[in-house]
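Engineer: For reference, the sequence and a predicted model appear below.
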Amino acid sequence: MKPAGVVSDTVSTSNEVIHARGASVRFGDRLLWSGVDLHIGPGTFTAILGPNGAGKSTLLKVLLGLQPLASGTVDVLGAPAGAARRRIGYVPQRGAFDRTLRIRGLDVVRLGLDGSRWGLPLSALRARRTREAVAEVVNLVGATQYASRPIGGLSGGEQQRLVVAQALVRRPELLLLDEPLDSLDLANQAAVAALVQRICRERGVTVVMVAHDVNPILQFLDEVVYVARGKAVVGAPNEVITTQTLSALYGARVEVLRASDGRLVVVGTPEAPALHADRHAG
Amino acid sequence: MTLFDYPFMINALRAGTIVAVVSGAMGWFMVLRRQTFAGHTLSLVGFPGAAGAILLGLAPAFGYFGFCIAAGVIIAMASPPVGSALYSEESAVIGSVQAFSLACGFLFVNLYHGNLNGLTNLLFGSFLGITNGQVVSLLAVAVPALVALGLIVRPLLFASVDPEVAAAAGIPVRLLAVIFLLLLGAAAAEASQITGSLLVFALLVLPPATAHVITGRPLLGIALSVVLAVAVTWAGSVMAYYTPYPTGAFITTLSFAAYVAVRGIRVLNARARKGPVPMREALT
């Protein structure tokens, strides 16, 4: 951890929620990505995009302070990454809960609030506050109807809403989501994307979401971080997701096509062979 | 004379209650964490532990606790790191520990020139003839184990249900896994002394599994599991008092009946919901 003086020096220049300079991550002798600069302001909705294995999830882990940097600095909420972890909500990429898990949705949400407390929950006053906070956030994500059922028996979309509620129950200032739409059908993708957007706008929560497909969230995004080939480009979606920018990033001819319904399709990315190789290596 | 006039019955109920409370609480987490196989092995290693202790002229309790806790540490070391998607070799390690420990137990019993009555007690337990000293030693382990569980109950629940998020929230998930296996080892060692190595599961799996079927509320589930374990222990002891049959058989049969009954009721309820009017299905 850096001394306090250094931190305040770097942050006093702006009110950025995330501020990264020259950040790079190394796995053994492989440089995952390097020279990443980020300036993400409060209340914005940012997507991290890029091919599989480019290091999108690793970027989230850096913001959480779980992955150390090889070089550069990352400040989150005015402190070095990891120091402000209690003010960050995190939803990791994951499969569904085990179908036979009999714990109620409400209790899974509640873990986000008091799951890291030691000792028995003995205070009746705190128990009531906890119940109210959980009920409020469950209502916010629209899960009240099914939150008291065992979470294992719920659908993917219902589970994802409860998991988002769990990340929100502490009222975090920054919400980090790792491919939350990944295993959902199209209707649920749109619904969860709209929910995240609403939380971002109504609560002023800064949202950073790793996404495999930009289209369900494209209309909501303020900023895009596109990670590929060890580099990252940052900017507004219509500046970054273009034929010129992505071709320069990939170092190969890549084409961005816009379908008649506004959906973006990136063609010609040299990711397929790399993906194949990664699966065998990983 | 009633059964409470016999000191051996009083001590049997005291010891049974202590063991039931510990098993009900630890077993609830064991079922939640899908560590039944680990729990099974921790119970079985009590047998060679006790047999070895007797062979060396020590009290069996030393063998039960020594072996169960050592096995807990070995299994914890074999468990996979948080977030690893690959299947681990955990169950193979557990199986290996189990096979070797049973072989040791068999050997120790033979070296002791095969006292068959003692073997039956090690495997199936002995509720009668429990001394005051044994009750105190059970309590001396049960109280610290339950206090430890109370201290870690919420982080352990978090780490069991949602290990990745728990780790990201700063909870020492791996350390909790080790601590839990130690506590489970202590619980198995306690229960083995009363129910024997083979019938530990009557208290360690059946009441908790029944509680999991009945409720999805964690603290209520733990409480229910403890109440069920104590209830079957008392009922089984009383039934054995009035009949010529062994206590362990009654406790196991009662626990099993309760489990089958709640599963059966759940299946019937699910059928009833899916019955002629599928309104609920249509609405959700």
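Structural biologist: Thanks, I have the structure now. Numbers count the residues shown, from 1 in each chain, chains lettered A, B, ... in the order given.
Engineer: Can you name the residue of the stretch 101-250 of chain B nearest chain A?
Structural biologist: residue B:158 (3.3 Å; Cβ to the nearest Cβ). No exception for glycine: its C-beta is placed from N, CA and C like everyone else's.
Engineer: That residue sits in which helix or strand?
Structural biologist: helix B:132-161 (DSSP states H and E).
Engineer: next one: residue A:269
Structural biologist: According to DSSP H and E, residue A:269 maps onto no helix or strand at all.
Engineer: number of nearby residues for it?
Structural biologist: 18 (other Cβ atoms under 10 Å in any protein chain shown).
Engineer: Then residue B:22?
Structural biologist: 29.
Engineer: Relative to residue A:120, how far out is it?
Structural biologist: Between residue B:22 and residue A:120 the distance is 16 Å, computed by Cβ to Cβ, to the nearest Å.
Engineer: And the residue of the stretch 101-250 of chain B closest to chain A, what's its pLDDT?
Structural biologist: Per-residue pLDDT puts residue B:158 at 94.
Engineer: What ranges does chain A have for its helices?
Structural biologist: Remark: helices assigned in chain A by DSSP state H are A:4-11, A:56-64, A:105-114, A:124-140, A:156-168, A:186-203, A:237-240, A:243-250, A:272-281.
Engineer: Can you lay out these as JSON lines showing distance to residue B:235 and mean pLDDT?
Structural biologist: Listed next are these as JSON lines, based on distance: least, Cβ to Cβ, whole Å; pLDDT from 0 to 100:
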{"stretch": "helix A:4-11", "distance to residue B:235": "63", "mean pLDDT": "43"}
{"stretch": "helix A:56-64", "distance to residue B:235": "51", "mean pLDDT": "93"}
{"stretch": "helix A:105-114", "distance to residue B:235": "31", "mean pLDDT": "93"}
{"stretch": "helix A:124-140", "distance to residue B:235": "33", "mean pLDDT": "92"}
{"stretch": "helix A:156-168", "distance to residue B:235": "39", "mean pLDDT": "93"}
{"stretch": "helix A:186-203", "distance to residue B:235": "48", "mean pLDDT": "91"}
{"stretch": "helix A:237-240", "distance to residue B:235": "67", "mean pLDDT": "88"}
{"stretch": "helix A:243-250", "distance to residue B:235": "71", "mean pLDDT": "85"}
{"stretch": "helix A:272-281", "distance to residue B:235": "56", "mean pLDDT": "39"}
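Engineer: for those, which one sits closest to residue B:127?
Structural biologist: With Cβ to Cβ as the criterion, residue B:127 lies closest to helix A:105-114 of the helices of chain A, at 36.4 Å.
Engineer: Run the chain-centre distance for the closest one.
Structural biologist: 19 Å (Cα atoms, centre = their mean, to the nearest Å).
Engineer: Show me which residues of the stretch 51-200 of chain B sit near chain A.
Structural biologist: B:83, B:150-155, B:157-158, B:161-162, B:164-171 (Cβ under 8 Å from any Cβ of the partner chain).
Engineer: For ChimeraX, write the select line for the buried members of these.
Structural biologist: Only the buried entries of these go into this ChimeraX selection, using 16 or more other Cβ atoms under 10 Å in any protein chain shown:
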select /B:152,153,154,155,157,158,161,162,164,165,166,167,168,169,171
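Engineer: For chain B, what is the nearest residue in chain A?
Structural biologist: residue A:115 (3.3 Å).
Engineer: Relative to residue B:182, how far out is that residue?
Structural biologist: 21 Å.
Engineer: So for the two, which sits in the more crowded spot?
Structural biologist: Of the pair residue A:115 and residue B:182, residue A:115 is the one with more neighbours under other Cβ under 10 Å, namely 24 against 19.
Engineer: I'd assumed residue B:166 was in contact with the residue of chain A closest to chain B.
Structural biologist: Yes. In this structure residue A:115 lies within contact range of residue B:166 using Cβ atoms under 8 Å: 6.5 Å.
Engineer: Give me the common contacts of those two.
Structural biologist: B:155, B:158 (Cβ atoms under 8 Å, 6 or more residues apart in numbering or on different chains).
Engineer: Tell me which residue lies nearest the centroid of the chain.
Structural biologist: This is for chain A. residue A:177 (2.5 Å; Cα atoms, centre = their mean).
Engineer: if you could check chain B rather than the one you did, that'd help
Structural biologist: Closest-to-mean residue, chain B, Cα atoms, centre = their mean: residue B:204 / 2.5 Å.
Engineer: contacting residues for that residue?
Structural biologist: Listed by Cβ under 8 Å, 6+ apart, the contact set of residue B:204 reads B:23, B:26-27, B:30, B:39, B:43, B:187-188, B:191.
Engineer: Nearest residue to it in space, please, no chain neighbours.
Structural biologist: Residue nearest to residue B:204 in three dimensions, not counting chain neighbours: residue B:27, with 4.3 Å by Cβ to Cβ, 6 or more residues apart in numbering or on different chains.
Engineer: Specify the local secondary structure of that neighbour.
Structural biologist: helix (DSSP: H, G, I helix; E, B strand; the rest coil).
Engineer: In contact with it, which residues?
Structural biologist: B:39, B:187, B:203-205, B:207-209, B:225, B:229.
Engineer: confidence score at it?
Structural biologist: Looking at residue B:27, its pLDDT is 96.
Engineer: How about residue A:71?
Structural biologist: In this model, residue A:71 carries a pLDDT of 93.
Engineer: The spatially closest residue to it that is not a sequence neighbour: neighbour count?
Structural biologist: Counting by Cβ to Cβ, 6+ apart, residue A:71 lies nearest to residue A:24, which is 4.9 Å off, once chain neighbours are set aside. The tally of other residues near residue A:24 (other Cβ under 10 Å) stands at 16.
Engineer: Quick one: residues contacting residue A:24.
Structural biologist: A:31-36, A:69-72.
Engineer: Next: residue A:197.
Structural biologist: By Cβ under 8 Å, 6+ apart, residue A:197 lies in contact with A:45, A:217, A:220.
Engineer: Quick one: name the residues of the stretch 1-150 of chain A near chain B.
Structural biologist: Residues of the stretch 1-150 of chain A lying near chain B (Cβ under 8 Å from any Cβ): A:64, A:66, A:85, A:90-92, A:94, A:97-98, A:101-104, A:107-108, A:111-112, A:114-121, A:145-146, A:148-150.
Engineer: Buried only: go through the residues you listed for me.
Structural biologist: A:64, A:66, A:85, A:90-92, A:94, A:97, A:101-104, A:107-108, A:111-112, A:114-116, A:146, A:149-150.
Engineer: which element is the nearest residue to residue B:105 once chain neighbours are set aside on?
Structural biologist: Spatially, and ignoring its direct neighbours in sequence, residue B:105 is nearest to residue B:48 (3.4 Å; Cβ to Cβ, 6+ apart). If you go by DSSP H and E, residue B:48 is part of helix B:46-55.
Engineer: Give the other helices and strands that that helix contacts.
Structural biologist: helix B:60-78, helix B:90-111, helix B:116-124, helix B:173-195 (3 or more Cβ pairs under 8 Å, 6 or more residues apart in numbering or on different chains; DSSP states H and E).
Engineer: Show me what it is in contact with.
Structural biologist: B:59-68, B:101-102, B:104-105, B:108-109, B:111-112, B:118, B:122-123, B:188-189, B:192-193, B:197, B:200.
Engineer: Just confirm residue B:225 contacts residue B:208, I think it does.
Structural biologist: Yes. In this structure, residue B:225 is within contact of residue B:208 by Cβ under 8 Å, at 4.4 Å.
Engineer: shared neighbours of those two, anything?
Structural biologist: In contact with both residue B:225 and residue B:208: B:24, B:27-28, using Cβ under 8 Å, 6+ apart.
Engineer: Buried residues in stretch A:60-70, which are they?
Structural biologist: A:60-67, A:69.
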